[in-house]
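Student: Turn this into a structure:
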Amino acid sequence: MRASEINLLQFIRRAPQFVIPIYQRHYSWGKVQWEQLWEDVLYAGQNEAIDTHFIGPIVYIANNVAMVARPEALSVIDGQQRLATSTLFIAALAQYFKEHELDELVDGFSARKLRNFYLVNPEEEGSDRYYKLILSPDDKDTLLALLGHGLMPQNAISLLQNGFRFFKEKIQQHSENLESICRGLAKLSIVEVALDRAHDKPQLIFESMNSTGLDLSQADLIRNYILMDLEQNEQKRIYKRYWRPMEEAFGSEAYVTHFDPFMRHYLTVKIGDIPNKGDVYTTFKRYVQNAHSEGLTIQDLAADIHRYATYYRAIALGAVEDINLKRAFNDLHKLNVGVAYPFLLKVYHDYEQKKC
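Tutor: Residues are numbered from 1 along each chain as shown. Model prediction:
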């Protein structure tokens, strides 16, 4: 592992591309975080005594630790929120320069340079290499549409759209401070942390940076734990075959509210003990380590979680075709008997296996 402080714009410009792995959570920053970044940029730009303003780390996995000079895309495991938000900011600024046909007010700040230095790789072709930042599948098309690639998808991610609109409006409202905005952006710095998959332990470092559980849900941590250490092709295969169908089956709202309790009930079934709500991820890791010692593979584990998630959806969300079962589960749901879910998951498993 190597860490170094670097100017944010230099970091983005020198990097060939940033890719957010499929196991990462979706873009989730909102107005509070947008406001903070905006205020930081404006304050730094208007204050000549400030040479640099630190906004946090960006951690990525590399095949070696030659830092950002290496030619491959960087797989970002921490910092995607600030990286994506900075991209929205830069894209909004580039659009303002273009729409108002502005000359280069500050060195490096023109519509063409902002786009070609920080948003795209102008000598590359195709979205897979042309754009500097490739978000996870649900977010990717929305961001690319904001950057001018194709039409906005029907299932566009509103947070990305709203973030882009936020910065456009702020720039318009503070157009008299355009030079300060440019200077403020130019002062932003990060710490880049390059991890070598062969020698470092990306999962352990990721956990240490999210150890309080406040930033990521138990579901986020579990998904990352399952997929992070796999090779990229295997990540995609496991995610597309088991995890993504499960997310889609829950639906975005239900996934957020139900997956953590589902995993708690799932682990109760598997280990015979009820984990504390805040210890689901820690308990899950112990379960996986024991399961590995008994020959359980990651694919086996992902398939089993997917299977039991189907049972849980039937019990807790009424996602079952049998009308009698639907009525029975609905009655149980009204009684608020969540404590019985582990038992019901066992019974439903036997039902699916034709054992009862």
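
Student: From here on, just use CA atoms for contacts and neighbour counts.
Tutor: Noted.

Student: And for the closest residue to Ala302 other than its chain neighbours, the neighbour number?
Tutor: Spatial nearest neighbour of Ala302, excluding adjacent residues (C-alpha to C-alpha, 6 or more residues apart in numbering): Tyr242 at 6.1 Å. As a burial measure, Tyr242 scores 18 neighbours (other C-alpha atoms under 10 Å).

Student: Quick check, Tyr242 in contact with Asp304.
Tutor: No. Using C-alpha atoms under 8 Å, Tyr242 is not in contact with Asp304, being 9.1 Å away.

Student: which is the next helix or strand following the least confident helix or strand in the chain by mean pLDDT?
Tutor: The weakest-scoring helix or strand in the chain, judged by mean pLDDT, DSSP states H and E, is helix 202-209 (a mean of 60). Once helix 202-209 ends, the next helix or strand along the chain (criterion: DSSP states H and E) is helix 218-227.

Student: buried set for the very next helix or strand once past that next one?
Tutor: On the C-terminal side of helix 218-227, the closest following helix or strand by DSSP H and E is helix 232-238. For helix 232-238, burial by neighbour count (16 or more other C-alpha atoms under 10 Å) applies to 235-236, 238.

Student: What of stretch 236-252?
Tutor: 236, 238-239, 242-244, 246-247, 250.

Student: how about it as CSV, C-alpha atoms only?
Tutor: What follows is stretch 236-252 as a C-alpha-only set of coordinates in CSV (Å, rounded to 0.1, in the frame of the first residue of the first chain):
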residue,chain,number,x,y,z
LYS,A,236,-19.5,-9.8,-12.5
ARG,A,237,-20.7,-13.4,-12.9
ILE,A,238,-21.7,-13.9,-9.2
TYR,A,239,-23.2,-10.4,-9.0
LYS,A,240,-25.3,-10.9,-12.2
ARG,A,241,-26.4,-14.4,-11.4
TYR,A,242,-27.3,-14.1,-7.8
TRP,A,243,-26.9,-10.7,-6.1
ARG,A,244,-28.4,-8.4,-8.8
PRO,A,245,-31.5,-10.5,-9.3
MET,A,246,-32.0,-10.5,-5.5
GLU,A,247,-31.8,-6.7,-5.4
GLU,A,248,-34.2,-6.3,-8.3
ALA,A,249,-36.6,-8.8,-6.7
PHE,A,250,-36.7,-6.8,-3.5
GLY,A,251,-37.0,-3.5,-5.3
SER,A,252,-34.9,-0.5,-4.4
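
Student: and it, what's its mean pLDDT?
Tutor: Summarised as a single mean, pLDDT over stretch 236-252 is 89.
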